[in-house]
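Asker: Any chance you can model this:
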Amino acid sequence: MRESFFRSMTWLHTWVGLLVCWLLFLIFFAGTASFFRHEISLWAQPATHHLPHYDSAQQNETVKKSIERFQDIAPNAESWRIEMPTERRPSLLLMYSEKPAEGERRGKRHSEYLDPVTLEALPEFRETKGGNFFYRLHFDLHYMNAITARWIVCFATLFMLIALISGVVIHKRIFKDLFQFRNGKGLRSWLDAHNLSSVVALPFHIMITYTGLVTLIFMLLPQPAEQRFEDTKTLRAERYPFLAAIPETGQPLKELALNTALDHYFTNSGDAPLRRIVISSPGDTSATIKLYANAQRAVQDDPPSWMYSAGSGELLKTHNVTLSGAENLYGGMIALHTGRLAEPLLRWLYFVAGLAGCAMIATGAVMWAKRLRQKLKGDDKPGVGLRLVESLNLGTIMGLPAATAMFFYANRLLPMELAGRADKEVLVFFVTWGVFTLAALFKSDRLAWLLSAKVNAIVWGLLPVVNMLTIDGSIVSYFINGQWVLFGFDVMPIGIAFGFLVQAKKLGSTKAAPAPATPRRQAKHEVNA
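Answerer: Below is the predicted model of the structure:
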């Protein structure tokens, strides 16, 4: 009975992992990159590289100047929005929405990025999605309906959770596996790499998977909310009270009571820096001023926020200022998943653990294919299923890193005036990935892996050179000026290129693989794994 149970768990672990492993690799890969999405966006916008560190003590003056600018350029807008500079995003973002025309749901939106001190427009500001592309990709899958994509991601995440739990069950030597890696042992080395990457970051893997489900819990399990609320709109109205529209009166607003609202905010928020200001219907007496705090390192998803009457400065309502136990738990789990609470060191730990998750998925998929290869006898040809798995392994594991590098190349090389430039960057990403996958369908042997590793080494190794030739900045100037985010962004591709060179050297060696295990020894090995 005991042996049968472990065999059943081994079968479950293998198949729930294999069926969605390439999608999970994409989700983990993009999610890991998105831990540094603000840093990626900073690198992708050379116009912001010269901006100095912003002192939050200047916020009051910055807000007032921004409002004056809105009053000049968009006095009749439907709303004004100010995204304040932060440690990770040094520019000031001003956005406004025009009133929708008849028959339209939303009006046209405009945005501009400014120097937060001088409020001058940043020159040559390029259209790009930056790090937000990876953030959205890991749960919206791009090119897909968002709701459909999130359902797919939900089920893949459920499979991941099952694979993790069953993996813990079948690991009899889970602590020993943390310290064991036997190099050059063929399939056993792949198993050791899979075990090591799984166990070394196991708490992170379980946390990130479970909290990922929590972020979409109302879509996945709507029944509890339906017992309390009439429908999802009612739930959303209570969960996000600031989104409720206030009918306009048609009476012009003489003056914004901005000073009154700011004074009350800074008195009652503990001097927390502002993260965002939204003024709805700014030219009407129904106008409201919404001030959102920067939660900084708090384990909280939605920031505390205050809503004021724009005419009198009277406080109308607050949101997330005081939280119930359930709200703390829910918001805390989402904050853990996104890593918004993380300081630089913790963010790097998130990143390394995410890479371990990618390695766990990749080694599991490769190990399954190699195990089937070893079972072939004599001149037996691999079946369609095995060839497909090997092709998807090569196309995904080697294609996604190359596609990411080409995404960065597109940011530097595409013409600034190109229409739909941000979408073209994304298109380059998917075309590169598609080329790798199509090539893998024709050839996915060791030579193809070797060639893919060399291509990755080249494109990543040349990225700092292309960056230096296309903008006013280089790895040397970043080091001299103490621009450590940009310096790290140039060092990282060199490290990645070195890793692919090591892989290419290993793939190019002609060491013979160990003889395949006998069926009896193989079955015993699977049970003890």
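
Asker: Secondary structure element for the closest residue to W151 other than its chain neighbours, which one?
Answerer: Spatial nearest neighbour of W151, excluding adjacent residues (CB to CB, 6 or more residues apart in numbering): M219 at 7.5 Å. For glycine as for every other residue, the C-beta is placed from the backbone atoms N, C-alpha and C. Element membership for M219, per DSSP states H and E: helix 217-220.

Asker: what does L18 give?
Answerer: Here L18 is assigned to helix 2-19, by DSSP H and E.

Asker: Please settle this for me: is I277 part of a strand?
Answerer: Yes - assessed with DSSP: H, G, I helix; E, B strand; the rest coil, I277 lies in a strand.

Asker: Distance check, the residue nearest to it when sequence neighbours are not counted against I397.
Answerer: Nearest residue to I277 in three dimensions, chain neighbours excluded: I82, at 4.3 Å (CB to CB, 6+ apart). Distance, I82 to I397, using CB to CB, to the nearest Å: 43 Å.

Asker: same deal with I174?
Answerer: Taken as CB to CB, the span from I174 to I397 is 25 Å.

Asker: between these two, who's got more neighbours?
Answerer: I397 (24 against 15; other CB atoms under 10 Å).

Asker: Show me the strands in the chain, by range?
Answerer: Taking DSSP state E, the strands of the chain run over residues 79-83, 92-97, 109-114, 274-280, 288-293, 305-309, 315-319.

Asker: Columns mean neighbour count, distance to A365 and mean pLDDT on top of those, output as a markdown table?
Answerer: As requested, the strands of the chain are exported to a markdown table (neighbours: other CB atoms under 10 Å; distance: least, CB to CB, whole Å; pLDDT from 0 to 100):
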| stretch | mean neighbour count | distance to A365 | mean pLDDT |
| --- | --- | --- | --- |
| strand 79-83 | 22 | 40 | 92 |
| strand 92-97 | 20 | 41 | 90 |
| strand 109-114 | 16 | 41 | 86 |
| strand 274-280 | 20 | 40 | 91 |
| strand 288-293 | 23 | 42 | 91 |
| strand 305-309 | 21 | 44 | 91 |
| strand 315-319 | 15 | 44 | 88 |
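
Asker: which stretches of the stretch 51-200 of the chain have low pLDDT?
Answerer: 103, 177-179 (pLDDT under 70).

Asker: one more time with 90, if that's ok
Answerer: 51-65, 68-69, 71-79, 85-91, 97-127, 143-144, 146, 167-200 (pLDDT under 90).

Asker: Could I get the full set of helices for it?
Answerer: Taking DSSP state H, counting those that start in this stretch, the helices of the stretch 51-200 of the chain run over residues 59-73, 132-140, 146-170, 174-177, 187-199.

Asker: And the first one, what's buried?
Answerer: Neighbour-count burial for helix 59-73 flags Q59, T62, V63, K65, S66, I67, R69, F70 (criterion: 16 or more other CB atoms under 10 Å).

Asker: want to throw those residues into JSON lines with distance to A359?
Answerer: Output for these, formatted as JSON lines (distance: CB to CB, whole Å):
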{"residue": "Q59", "distance to A359": "42"}
{"residue": "T62", "distance to A359": "44"}
{"residue": "V63", "distance to A359": "46"}
{"residue": "K65", "distance to A359": "49"}
{"residue": "S66", "distance to A359": "45"}
{"residue": "I67", "distance to A359": "50"}
{"residue": "R69", "distance to A359": "48"}
{"residue": "F70", "distance to A359": "49"}
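
Asker: In contact with M367: list those residues for me.
Answerer: L187, W190, L191, H194 (CB atoms under 8 Å, 6 or more residues apart in numbering).

Asker: To clarify, my last question referred to G508.
Answerer: L450.

Asker: And it, how close does it get to L501?
Answerer: 10 Å.

Asker: For the closest residue to E248 other than its chain neighbours, give the beta-bridge partners.
Answerer: Distances taken as CB to CB, 6+ apart place D284 nearest to E248, at 4.5 Å, with adjacent residues excluded. Using DSSP bridges, the bridge partners assigned to D284 are P252.

Asker: so what's D284 up against?
Answerer: D284 touches E248, T249, G250, Q251, P252, L253, counting by CB under 8 Å, 6+ apart.

Asker: separation between it and H264?
Answerer: 22 Å.

Asker: Could you do F436 as well?
Answerer: Distance from F436 to H264, by CB to CB: 56 Å.

Asker: What is the burial count for H205?
Answerer: For H205, using other CB under 10 Å, the count is 25.

Asker: can you check S312 too?
Answerer: There are 12 residues near S312, going by other CB under 10 Å.

Asker: How about the one 10 residues further on?
Answerer: By the other CB under 10 Å criterion, the neighbourhood of T322 contains 8 residues.

Asker: helices or strands up against the helix holding L18?
Answerer: helix 146-170, helix 344-375, helix 519-528 (3 or more CB pairs under 8 Å, 6 or more residues apart in numbering; DSSP states H and E).

Asker: Might one say that A272 is in contact with Q300?
Answerer: No - counting by CB atoms under 8 Å, A272 does not reach Q300; the two are 11.5 Å apart.

Asker: Next, give phi and psi for the residue lying closest to L196 once chain neighbours are set aside.
Answerer: Nearest residue to L196, sequence neighbours excluded (CB to CB, 6+ apart): F181, at 5.6 Å. Per-residue torsions, F181: phi -150, psi 120 (degrees, to the nearest 10).

Asker: and for stretch 383-398, what are the contacting residues?
Answerer: 18, 22, 25-26, 362, 365-366, 368-369, 372-373, 382, 433, 436-441, 444, 448-449, 452-453, 456.

Asker: which among those end up buried?
Answerer: Here, 16+ other CB under 10 Å leaves 18, 22, 25-26, 362, 365-366, 368-369, 433, 436-437, 439-440, 444, 448-449, 452-453, 456 buried among the contacts of stretch 383-398.

Asker: hang on, T470 packs against L413?
Answerer: Yes - with contact defined as CB under 8 Å, T470 reaches L413; the gap is 6.8 Å.

Asker: how about the strands of the chain in CSV, adding distance to A419?
Answerer: Shown next, in CSV, are the strands of the chain (distance: least, CB to CB, whole Å):
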stretch, distance to A419
strand 79-83, 25
strand 92-97, 21
strand 109-114, 17
strand 274-280, 29
strand 288-293, 33
strand 305-309, 37
strand 315-319, 39
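
Asker: Out of those, which is closest to H337?
Answerer: The closest of the strands of the chain to H337 is strand 274-280. By CB to CB, the value is 19.2 Å.

Asker: Can you tell me the strand partners of that closest one and which way each runs?
Answerer: strand 79-83 (antiparallel), strand 288-293 (antiparallel).

Asker: Figure out which of these is closest to L141.
Answerer: Using CB to CB, those put strand 79-83 closest to L141, at 26.0 Å.

Asker: can you give me how far the closest one is from the chain middle?
Answerer: 24 Å (CA atoms, centre = their mean, to the nearest Å).

Asker: now swap in stretch 344-359 and tell me
Answerer: Counting by CA atoms, centre = their mean, stretch 344-359 comes out at 12 Å from the chain centroid.

Asker: same deal with stretch 196-215?
Answerer: For stretch 196-215 - counting by CA atoms, centre = their mean - the centre lies 15 Å from the chain centre.

Asker: likewise stretch 341-355?
Answerer: Going by CA atoms, centre = their mean, where stretch 341-355 is centred and where its chain is centred differ by 12 Å.

Asker: mind listing what's buried in that stretch?
Answerer: Quick answer for stretch 341-355 (16+ other CB under 10 Å): L341, A342, R347, Y350, F351, A353, G354.

Asker: Would you confirm that the third one contacts F35?
Answerer: Yes - R347 is in contact with F35 according to CB under 8 Å; the separation is 5.6 Å.

Asker: who touches both of those two?
Answerer: With CB under 8 Å, 6+ apart, R347 and F35 have common neighbours G339.

Asker: Could I get the contacting residues of A439?
Answerer: G395, A448.

Asker: For W22, see how far away it is.
Answerer: Distance, A439 to W22, by CB to CB: 16 Å.
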